[in-house]
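Enquirer: sequence-free structure coming up:
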């Protein structure tokens with residue numbers, strides 16, 4: 001088990017008003033911070049990440065996703081609903097089939113940067 005190190009703290013209680021002014025000026029509104037936190041929660045599930053990796057390669061239907069990930073269509077549909085509500089995937093109907101794809105290139109960028117970060121030495 002990893003030993004948790006304590007965070008180093010200042011020896012004195014001195015604030016820096018100029019710096020705090022800049023931080024407060026640049027801080028997004030609470031609603032934006034909440035929405036951003038909610039978006040990142042969506043990425044907190046490995047099944048949803050696996051679905052996104054499949055969608056990096058192709059537009060697919062629920063049947064293909066279920067087969068590719070060895071899961072039930074019901075489980076895939078549940079995760080797709082969350083991804084769609086978060087505007088990370090989009091769908092289109094073709095006859096009796098519904099095909100899913102990434103909503104835009106931002107999704108690929110977010111995942112790629114996250115992967116790059118965790119692979120850093």
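Expert: Here it is on my side, so go on. Since the structure is predicted, the reported quantities are computational estimates derived from the model, not experimental observations. Numbers count the residues shown, from 1 in each chain.
Enquirer: what about the strands in this structure?
Expert: Applying DSSP state E to the chain gives strands spanning 60-61, 89-94, 97-102.
Enquirer: give me the buried positions along stretch 95-102.
Expert: Buried residues in stretch 95-102, counted by 16 or more other Cβ atoms under 10 Å: 100, 102. Using the backbone N, CA and C atoms, a C-beta is placed for each residue, glycine as well.
Enquirer: quick one: contacts of it?
Expert: Applying Cβ atoms under 8 Å, 6 or more residues apart in numbering, the external contacts of stretch 95-102 come out as 52, 55-56, 59-63, 65, 80, 84, 88-93, 108.
Enquirer: if we can go back for a sec, could I get the strands of the chain as CSV with distance to residue 16 and mean pLDDT?
Expert: As requested, the strands of the chain are exported to CSV (distance: least, Cβ to Cβ, whole Å; pLDDT from 0 to 100):
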stretch, distance to residue 16, mean pLDDT
strand 60-61, 52, 96
strand 89-94, 43, 96
strand 97-102, 42, 95
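Enquirer: lovely, talk soon.
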